[in-house]
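Participant: Sharing a model prediction with you, sequence too.
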Amino acid sequence: MDATLGLPVLTILIAVALLFDFLNGLHDAANSIATIVSTRVLRPQYAVFWAAFFNFVAFAVFGLHVANTIGTGIIDPSVVDATVIFAALVGAIAWNVITWALGIPSSSSHALIGGLVGAGMAKAGISAAVWSGLTKTLLAIVLSPLVGFLLALVLVAIVSWLSVRSTPFAVDRAFRILQFASASLYSLGHGGNDAQKTMGIIAVLLYSQGHLGDTFEIPFWVVLACQSAMALGTLMGGWRIVRTMGLRITKLTPMQGFCAETGGAATLFIATYLGVPVSTTHTITGAIVGVGAARRLSAVRWNVASSIVYAWMITIPASAAVAAATYWLVQILK
């Protein structure tokens with residue numbers, strides 16, 4: 001463990017971690033606003049402000065269970081040093097930038113987890129992994145979009161039944177208003193789950209350098225810094241991915257947008273409460289596919305959805321490979 005790390009290097013590493021959080025907000029802005037933009041309830045420039053506000057205030061609603069999982073439940077904290085954290089962040093940021101440039105809604109969360117695993121194993125081998133936490137996270141890759149899909153599907157059925165006597169105009173007007181609430185809940189869930197991942201990274205770095213004493217905890221300044229970085233990233237928007245998420249998978253009505261956001265938000269709330277670092281990208285994609293499939297299977301552009309799934313499958317291995325290569329390169333250059 002690199003216990004003699006100087007303050008300038010520590011500050012730079014924290015800045016790199018916050019850069020990842022900013023890029024996470026930029027990359028995942030689409031998750032929060034794609035449905036409300038595609039249904040034309042809010043213009044993009046207003047939607048990002050709406051999402052950024054709820055991203056920021058999420059720390060007041062949720063505990064820090066996800067941050068603790070990232071900090072101590074993916075790789076053994078005793079393995080962590082400055083080089084491991086730097087390599088993990090490079091792996092995650094590199095994958096985020098590549099997928100953002102290509103307009104692919106991959107998971108920033110799993111890019112970070114892949115980076116941690118790749119850097120940790122490059123240093124200490126397979127024994128670096130905390131398999132209980134890692135297994136829980138890998139299961140969530142499958143379960144979070146599935147739960148989002150099923151909840152959105154059920155919500156569409158319930159809402160359709162309740163609205164059967166209403167005119168299409170009345171339904172559309174009502175759900176344009178309700179989408180403000182559902183988008184708020186989803187942005188709250190996004191900020192609550194995703195910002196905590198960077199909190200865990202910074203906290204385990206501070207812990208490894210002896211700045212937190214004998215007890216692992218998340219300092220409040222770290223909480224505020226991470227929530228602010230994510231909110232700022234969301235303000236910058238991720239328009240390429242908004243187009244994929246909101247327009248290319250399926251055409252959404254305000255009622256369907258409400259169901260997708262509410263189903264996705266419920267999934268994120270449950271996962272955050274349980275301390276599971278799920279992918280907001282996976283969750284909202286599953287929910288959008290769910291509302292499309294509720295109308296008819298052909299309403300979903302399965303070729304687009306399948307390309308997104310392929311990106312999910314390679315995110316952890318790709319970011320892990322970049323992180324491992326970065327770790328070895330730094331060791332050579334030392």
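Facilitator: Yep, that arrived. What you see is a predicted model, and the numbers here were worked out from it, not measured in a lab.
Participant: And stretch 212-224, what's buried?
Facilitator: 212, 216, 218, 222, 223 (16 or more other Cβ atoms under 10 Å). From N, CA and C alone the C-beta is placed, and that goes for glycine too.
Participant: Go ahead and name everything in contact with it.
Facilitator: 59, 64, 67-68, 71-72, 77, 199-200, 202-204, 206-207 (Cβ atoms under 8 Å, 6 or more residues apart in numbering).
Participant: what's the most distant pair in those?
Facilitator: The two members of the contacts of stretch 212-224 with the most space between them (Cβ to Cβ) are 59 and 77, at 22.5 Å.
Participant: quick revisit: Throw the buried residues of stretch 212-224 into TSV and include distance to residue 272, thanks.
Facilitator: What follows is the buried residues of stretch 212-224, written out as TSV (distance: Cβ to Cβ, whole Å):
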residue	distance to residue 272
212	23
216	19
218	14
222	17
223	14
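Participant: from the residues you listed, which single one is nearest residue 263?
Facilitator: So of those, ranked by how close each gets to residue 263 (Cβ to Cβ), first place is residue 223, at 27.6 Å.
Participant: quick one: what helix or strand has that closest one in it?
Facilitator: Assigned by DSSP states H and E, residue 223 falls within helix 220-236.
Participant: Return that helix as PDB; C-alpha atoms alone will do.
Facilitator: Extracted as PDB, the C-alpha positions of helix 220-236 are listed here (Å, rounded to 0.1, in the frame of the first residue of the first chain):
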ATOM      1  CA  PHE A 220     -19.300  14.500   3.800                       C
ATOM      2  CA  TRP A 221     -17.100  16.600   1.500                       C
ATOM      3  CA  VAL A 222     -16.700  13.600  -0.700                       C
ATOM      4  CA  VAL A 223     -20.400  13.200  -0.900                       C
ATOM      5  CA  LEU A 224     -21.000  16.800  -1.900                       C
ATOM      6  CA  ALA A 225     -18.100  16.800  -4.400                       C
ATOM      7  CA  CYS A 226     -19.400  13.700  -6.200                       C
ATOM      8  CA  GLN A 227     -23.000  14.800  -6.300                       C
ATOM      9  CA  SER A 228     -21.900  18.100  -7.700                       C
ATOM     10  CA  ALA A 229     -19.600  16.600 -10.400                       C
ATOM     11  CA  MET A 230     -22.400  14.300 -11.500                       C
ATOM     12  CA  ALA A 231     -25.000  17.100 -11.600                       C
ATOM     13  CA  LEU A 232     -22.600  19.200 -13.700                       C
ATOM     14  CA  GLY A 233     -22.000  16.400 -16.100                       C
ATOM     15  CA  THR A 234     -25.700  15.900 -16.500                       C
ATOM     16  CA  LEU A 235     -26.100  19.600 -17.300                       C
ATOM     17  CA  MET A 236     -23.700  19.100 -20.200                       C
END
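Participant: wait, isn't residue 72 in contact with residue 203?
Facilitator: No: under the criterion of Cβ atoms under 8 Å, residue 72 is not in contact with residue 203, lying 9.1 Å apart.
Participant: More neighbours: those two, which one.
Facilitator: Applying other Cβ atoms under 10 Å to residue 72 and residue 203 shows that residue 203 carries more neighbours, namely 28 against 18.
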